[in-house]
Every structure is written in structure tokens, then in C-alpha cells.
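Colleague: Here is a sequence with its predicted model. Questions after.
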Amino acid sequence: MPFAGWRMPVQYKGIKAEHEAVRTRAGLFDVSHMGELLIEGPHADLAVNTLVTNDVSALEAGQAQYTVCCNDDGYILDDLIVYRLEEAKVLVVCNASNRDKIAQHFAARLPNGVSFLDVSDRWALMALQGPSAAAIMRDVGAPSAVTELAPFRVCRAEVAGVEAWVARTGYTGEDGFELFCANDDAVTLWRALLSAGRPHGLEPVGLGARDTLRLEARLALYGNDIDETTNPYEAGLGWVVKLDRNDFVGRAALRAIKEAGVDRRLIGFEMTGRGIARHGYPILADGKRVGTVTSGSPGPTVGKNIGLGYVPTALSRIGTTLGIEIRGKVVDAVVVRTPFYKR
């Protein structure tokens, strides 16, 4: 299907089968649509630090972190993973739909003395995810520097004869790796990983299962759960906002938002009645609309129909009963603790 200018696979064998493969064995995703921005220079980390909410200066070479990029008003332009590849080289991975926006935002604000390059069209990215991921990496000949990477660490290595940056990161709630390589090497690496993974039950996985996996793990989807109308505190992402450091875009606004408190919160809910909540469905309390479903689907691993949505803060407490309007009928739901699934 078309997605952010790409043709993307929705499913190979089926969403449920692919979801189960990642949870119990392993799955391989082609996520080359993601944006990759390289910032280099003696103070690349400090330069990036002025544009994101987390503290990039705390990263060592070979370490990564999740963060968000906000505008001056404290609203989310995108959520990102920042990798400090080397002492003076930082990689920022952004969502495909926001690539141009974030590239322009960074290019306009980075100081002199650092170089900026959008390498999205030169690099491919694939994600090997699931409990068998490390074993598959060993079988494909990855060095111990890769197979023994700690979470949110990254290193340069040769995998199946291909030079790649390999990170212990992902978007599924499972252990796994993300591999960045040159476009010309992508097919070689993809086929090598599939071949090494076959004895482990590895399956290629499409966008459909990527969505159900990330929802069970309560990982936000930009354009659904977060966007330029949401701030990190109401989205449950206050933990990536480090106010007690040097200035960054949106810091003053975010400090004011935190001090004032938020009027609404992103909650997780389970359907207690029969029905599946979908993006855009109304959320009701006492017969009145109080919010909107931002994400919703069956949760194949948890065995329940689950969802996320914004509701007034007073209705965000665990155990609060809500209604979801599904094709004109109100179906019961209850606010639950998230993530829905944790390995």
C-alpha cells in the first residue's frame, strides 16, 4: 500500500501469524522508509541537544536514546531515536511522514561548525525483532560486539559481508536489532538474515503486525497518538523531557505546561464489551463525548481488544469505565495500566 511516498507491505502470511512470530520467534521488517539524518562535527551532540527534549550530551559514543522534537510552543513535531555513533557523529532517525519537516527544522537551526546531511535516500534500514534475534545474528556471522550489545547501544560491524551500523533498538516491545546499511547492500543483507533465520522460524513482517506489536507495547505512533496538537506530558512522554539542562526549542513552554498540569491524558483501555475500537472512534463518559480513540485493534498476544485515546485527566484513572461508540452503538471499555504487554 502507499505510505509516505513508499510502497509498503501490509502483510506477508497474515497479521496474526506475523505478530505471533515476533513474540515467540523472530520477525524481519524492511523499514527503509524511515528518515535518517547525520550531524557531524566536534560538538554534534550539543548541537542536536538544542533541538530535542532528552539530554543527548549524556550519551557516550555507541549509545542511543528515545526523545521528541518540539516546536516553540511545546507541541511534538516528531518522536525520534538519536544515536551517538561516534564522538563527533550523531544519527537522528525520524518518521517517514516527517522526514522533510524534521530535516528542514534541523538544517535551519543547527549552528555553524557542524555538518548536516539527509542520508535517507542512501541508506536502507531493517529490523530483526523477537526472542530469537540474537541467535539469528550469531548464525549469520555477526561478531560478538553485535550479539552482546546492550539495549540502546550501537556499533559498526560487518554482517553477512555487509558493512552496517547495528543497534539494539526496535518498535515491537521485543528484544532485537536494527541494521542500517547502504542501499546497494540491502538485498544481500535481507536475504542473508532470512536464510539464517529460517531454522529459527523467522518470518518477514509487514506494517499490519508492526502496528499491533507496537500498540501492545504502548509505543506511540506519530499522526495517531502524538502530533503537533499534543505535548509530551499529556502523551505520557514526560520522562523524555529534561528541563534541568541547557536551553532547547520548546523548553520554556514545556516548563509552563508541567507547572500548570495537563487537562487531558493519553490512556490505554480494554474493551469489556464486544467490539474493536478504531482510530477516530468517539470515547464517551455518562453518554457524552469526552475524547477520541487514537489507536485501536485486537491485541493478539494479550487476547483482548485494546486501544489508546485522550480523555480528561479526571477520567484517566485506572479502572475508570468508558464507552466507545462503534458504528452508532456504545460498547463498554475500561482504563487499564499500560503497556498492555511486557516481555
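Modeller: Great, that's in hand.
Colleague: Residue 325 is in what secondary structure piece?
Modeller: strand 321-326 (DSSP states H and E).
Colleague: Now that strand: buried residues?
Modeller: For strand 321-326, burial by neighbour count (16 or more other Cβ atoms under 10 Å) applies to 322-326. Where you see a C-beta, it was placed from the backbone N, CA and C, and this is true even at glycine.
Colleague: What of stretch 136-152?
Modeller: 136-137, 139-140, 142, 146-147, 149, 152.
Colleague: got a markdown table for those, with distance to residue 234, secondary structure and pLDDT too?
Modeller: Below are those laid out as a markdown table (distance: Cβ to Cβ, whole Å; DSSP: H, G, I helix; E, B strand; the rest coil; pLDDT from 0 to 100):
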| residue | distance to residue 234 | secondary structure | pLDDT |
| --- | --- | --- | --- |
| 136 | 39 | helix | 98 |
| 137 | 38 | helix | 98 |
| 139 | 44 | helix | 98 |
| 140 | 42 | coil | 98 |
| 142 | 40 | coil | 98 |
| 146 | 38 | helix | 98 |
| 147 | 39 | helix | 97 |
| 149 | 33 | coil | 98 |
| 152 | 25 | coil | 98 |
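Colleague: Quick check: the two most widely separated of the residues you listed?
Modeller: The span of these, defined through Cβ to Cβ, is set by 139 and 152 at 23.7 Å.
Colleague: What number of residues are in the vicinity of residue 66?
Modeller: When counting by other Cβ atoms under 10 Å, one arrives at 17 neighbours for residue 66.
Colleague: Could you find the closest non-adjacent residue to it?
Modeller: residue 81 (5.7 Å; Cβ to Cβ, 6 or more residues apart in numbering).
Colleague: So that neighbour: helix, strand or coil?
Modeller: strand (DSSP: H, G, I helix; E, B strand; the rest coil).
Colleague: Quickly note the distance from it to residue 266.
Modeller: For residue 81, the distance to residue 266 (Cβ to Cβ, to the nearest Å) stands at 20 Å.
Colleague: For residue 2, name its beta-bridge partners.
Modeller: residue 7 (DSSP bridges).
Colleague: That one: neighbouring residues, count only.
Modeller: Using other Cβ under 10 Å, residue 2 has 7 other residues around it.
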